[in-house]
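1. Sequence plus the predicted model coming up.
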Amino acid sequence: MPSSLAAFHRLIAVLFLGFASGLPLSLTGQAMQAWLTIEGVDIATIGFLGLVGIPYTFKFLWAPLMDRFEPPFLGRRKGWLVITQLAMAGTLWWMASLSPKDAPLAFAGVAVLVAFLSASQDVVIDAYRTDVLAPHERGLGGSLAVFGYRVAMILSGGIALIWAEQWQSWGRVYEVMAWIMVGAAVFSLLATPRVSGASQPLKSDPLRELLGFLALLAGVLAGAFLSRWVLMGLGLDPDDPNKWIRLLFILAGIACALPLGGWAAKKAGFETLTQSLTSYFRQPGAWAFLLLIVLYKLSDAFAGSLTTPFLIKGMAFSQAEVGIVNKIIGIWLTIFGALLAGALMLRLNLYRSLLLFGVLQMLANFGFYTLAVLGKGAWGGFTLQPFDWGFVAISQPADIDSLLMFAIAAENITSGMGTAAFVALLMSLCSQRYTATHYALLSALASVGRIYVSPLAGVMAESIGWPAFFVVAVVLGVPGVYMVWRMRSTIEALMGKEETKT
């Protein structure tokens with residue numbers, strides 16, 4: 001296959017897999033929030049239910065198994081892609097049959113399982129993208145991955161709201177999403193190019209690897225229970241009505257679980273994990289990069305954790321209006337943002353892209369602040385005429401709020417630009433031999449903000465109100481931008497190393 005055609009094939013696969021990666025995120029995030037909001041669940045509880053996304057922050061624990069073991073016939077990357085996507089389709093169908101009001105524990109449990117499978121799919125997709133793209137293709141590849149990811153979120157987080165209102169059934173929406181994941185598995189099986197033979201798994205004892213993983217899990221569970229017993233011994237109640245106390249139990253459990261799990265894995269000889277972590281930490285600035293990764297998208301994650309409840313419950317917009325503005329109109333803004341980021345990254349180096357896009361995504365939160373202060377209708381609006389695109393339709397004219405559209409436009413464009421540069425950074429930090437584990441570790445840290453600020457965000461929004469909440473979101477973006485500026489020479493040296501490889 002000619003090199004230009006092969007490169008096009010790789011980039012198209014990256015674009016589609018970006019879509020497959022983004023689809024389930026809203027189904028345990030924004031779409032689920034809308035479902036819970038319509039069911040009458042309070043804001044603080046919705047914030048705590050954001051913790052169903054915890055698997056995204058722990059995916060580096062089982063990523064080594066996906067680096068070490070290779071499903072038969074399809075290869076290490078494609079095999080895991082098909083397995084995770086088919087499993088997710090079945091779990092989404094199961095979730096569609098449950099009611100968050102009548103069976104809240106079962107609903108939350110299945111949502112966690114969806115998040116686990118989604119996080120596992122992300123492990124494989126991120127590793128596949130890093131393995132299959134040449135270093136000079138990563139800027140454009142990152143932009144296309146973000147574009148596909150955002151289009152999927154438009155479908156599952158925006159159009160899904162319109163379908164739910166038109167069909168009067170969230171269950172039916174989740175059934176449709178399950179069938180889409182079946183289609184993703186078919187595409188992964190038949191249409192994605194194979195990764196070259198350069199990426200080989202670690203040759204280690206399979207039984208010892210599995211025992212090491214089990215030891216890691218045991219350590220994580222022991223750490224979580226130990227922190228709970230200590231806090232209860234201090235007289236605190238995990239079911240205390242004070243949500244700050246409940247949040248303390250969650251954060252303390254995480255703080256104890258990870259170190260104890262890592263110690264147990266090392267003692268048991270979990271080689272793929274320990275060797276991949278050693279490989280990463282040999283890089284210059286390894287610890288500083290970890291801090292940058294946690295902070296870079298923190299502002300975006302904090303504001304986005306409650307955007308849907310803010311718009312529906314706080315500002316009294318309808319599900320359909322939020323879906324239309326946030327996603328259907330936002331798709332054109334997302335396309336513009338993704339293409340703009342890709343074009344700019346052909347001219348700007350990685351450092352300048354991270355700095356510029358980081359500032360823009362931080363300042364975009366002032367759009368939601370303005371909406372919270374001025375209120376619905378402050379800038380007037382316009383009427384969107386009925387349309388029927390086959391997959392979604394509006395039978396009646398819809399009034400669109402101009403200020404809402406401005407806030408959503410700023411968020412869609414700048415967040416997509418920041419993520420494109422961020423993905424390119426993560427790919428540059430990965431060693432090909434341990435791609436799944438390295439990328440899983442880095443992206444897990446990137447999702448710390450999105451997952452763990454959710455309960456804090458819910459409590460804070462109830463305590464200080466929406467305007468102050470979005471001011472806090474802007475302030476949280478400052479440390480990430482500062483870290484980019486502080487690490488300028490290290491980031492530029494990283495790109496020099498990648499160019500030398502080619």
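-> Alright, I've got the coordinates. Keep in mind that this is a model prediction, so the values were computed, not measured.

2. From now on I want contacts and neighbour counts done on CA atoms only, so please keep to that.
-> Will do.

3. so where do the strands sit in this structure?
-> Along the chain, the segments classed as strands by DSSP state E run 381-384, 387-388, 393-394, 398-401.

4. Now do residue 318 against residue 289, distance only.
-> Distance of residue 318 to residue 289, given as C-alpha to C-alpha, to the nearest Å: 41 Å.

5. which of these two has more neighbours?
-> Neighbour tally, residue 318 and residue 289, criterion other C-alpha atoms under 10 Å: the higher count belongs to residue 289, 21 against 15.

6. picking up where we left off before, worst mean pLDDT among the strands of the chain?
-> When the strands of the chain are compared by mean pLDDT, strand 393-394 comes last with a mean of 63.

7. Let me know how buried residue 66 is, in neighbour terms.
-> The burial count for residue 66: 24, using other C-alpha under 10 Å.

8. for residue 377, same thing?
-> 13.

9. I figured it was touching residue 401, is that so?
-> Yes: taking C-alpha atoms under 8 Å as the definition, residue 377 is a contact partner of residue 401 at 6.0 Å.

10. for this structure, what helix or strand is lowest in average pLDDT?
-> strand 393-394 (a mean of 63; mean pLDDT, DSSP states H and E).

11. For the spatially closest residue to residue 315 that is not a sequence neighbour, give me its contacts.
-> Sequence neighbours aside, residue 376 is the residue nearest to residue 315 in space, at 6.5 Å (criterion: C-alpha to C-alpha, 6 or more residues apart in numbering). Taking C-alpha atoms under 8 Å, 6 or more residues apart in numbering, we find residue 376 in contact with 315, 401, 403-404.

12. Next step: these restricted to helices.
-> Judged by DSSP state H, the contacts of residue 376 include 403-404 as members of helices.

13. Would you reformat the contacts of residue 376 as TSV and include distance to residue 299?
-> What follows is the contacts of residue 376, written out as TSV (distance: C-alpha to C-alpha, whole Å):
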residue	distance to residue 299
315	21
401	24
403	21
404	19
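
14. Between the contacts of residue 376, which sits nearest residue 279?
-> Within the contacts of residue 376, the smallest distance to residue 279 is 46.3 Å, found for residue 404 (C-alpha to C-alpha).

15. Okay, the closest residue to residue 460 other than its chain neighbours and residue 284: tell me how far apart.
-> Leaving out its chain neighbours, the residue that sits closest to residue 460 by C-alpha to C-alpha, 6+ apart is residue 469, at 7.0 Å. Distance of residue 469 to residue 284, computed by C-alpha to C-alpha: 36 Å.

16. So between those two, which is more surrounded?
-> Set residue 469 next to residue 284 and count neighbours by other C-alpha under 10 Å: residue 469 wins out with 21 against 13.

17. how near is that one to residue 300?
-> 12 Å.

18. Got phi/psi on residue 192?
-> phi -90, psi 140 (degrees, to the nearest 10).

19. which ones are touching it?
-> 9-10, 13, 78.

20. Over to residue 102?
-> By C-alpha under 8 Å, 6+ apart, the contact list for residue 102 is empty.

21. can you give me phi and psi for it?
-> As for residue 102, its main-chain torsions (degrees, to the nearest 10) stand at phi -90, psi -30.

22. Check what pLDDT it gets.
-> With respect to pLDDT, residue 102 scores 76.

23. With residue 358 instead?
-> Confidence at residue 358, expressed as pLDDT, is 92.

24. correct me, but it touches residue 483?
-> No: with contacts counted by C-alpha under 8 Å, residue 358 stays clear of residue 483, the gap being 10.5 Å.

25. more crowded one of these two?
-> When residue 358 and residue 483 are compared for neighbours, residue 358 comes out ahead with 28 against 18, by other C-alpha under 10 Å.

26. quick one, domains of the chain?
-> Per the record, the chain has its domains at 3-192+270-383+395-501, 206-269, by automatic domain parsing.

27. Find the one among those domains with the highest mean neighbour count.
-> Mean neighbours per residue, mean count of other C-alpha atoms under 10 Å, is largest over those for domain 3-192+270-383+395-501, with a mean of 21.

28. In the stretch 201-350 of the chain, what residue spans correspond to helices?
-> Under the criterion DSSP state H, counting those that start in this stretch, the stretch 201-350 of the chain contains helices at 206-233, 243-268, 271-281, 286-296, 298-304, 307-309, 319-323, 330-347, 350-363.

29. and of those helices, who's closest to residue 5?
-> Short answer: helix 330-347, nearest of the helices of the stretch 201-350 of the chain by C-alpha to C-alpha, at 19.5 Å.

30. thought residue 62 was touching residue 213?
-> Yes: here residue 62 reaches residue 213: they are 7.3 Å apart, a contact under C-alpha under 8 Å.

31. just for the stretch 1-150 of the chain, where's the confidence low?
-> Along the stretch 1-150 of the chain, the model assigns pLDDT under 70 to residues 1-3, 44-45, 48.

32. how about a cut-off of 50?
-> Applying pLDDT under 50 to the stretch 1-150 of the chain flags residues 1.

33. Identify the residues contacting residue 373.
-> Residue 373 makes contact with residue 467 under the criterion C-alpha under 8 Å, 6+ apart.

34. can you rerun that using 10 Å?
-> Taking C-alpha atoms under 10 Å, 6 or more residues apart in numbering, we find residue 373 in contact with 466-468.

35. In a markdown table, list the residues you listed along with pLDDT and distance to residue 93.
-> Shown next, in a markdown table, are the contacts of residue 373 (pLDDT from 0 to 100; distance: C-alpha to C-alpha, whole Å):
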| residue | pLDDT | distance to residue 93 |
| --- | --- | --- |
| 466 | 91 | 35 |
| 467 | 91 | 38 |
| 468 | 92 | 39 |
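
36. Of these, which is the nearest to residue 370?
-> Nearest to residue 370 among the contacts of residue 373 is residue 467, at 7.8 Å by C-alpha to C-alpha.

37. quick one: that closest one and residue 169, what's the gap?
-> 32 Å.

38. now residue 71, nearest residue through space, not along the chain?
-> Spatial nearest neighbour of residue 71, excluding adjacent residues (C-alpha to C-alpha, 6+ apart): residue 79 at 5.4 Å.

39. of the contacts of residue 376, closest to residue 129?
-> Once C-alpha to C-alpha is applied, the member of the contacts of residue 376 that ends up nearest residue 129 is residue 404, at 34.8 Å.

40. quick one: that closest one and residue 367 touch, right?
-> Yes: under the criterion of C-alpha atoms under 10 Å, residue 404 makes contact with residue 367 at 8.3 Å.

41. Report the contact partners of residue 419.
-> Residue 419 neighbours (C-alpha under 10 Å, 6+ apart): 142-143, 145-147, 296-297, 338, 341, 354, 357-358, 361, 425.

42. Brilliant, that's me finished.
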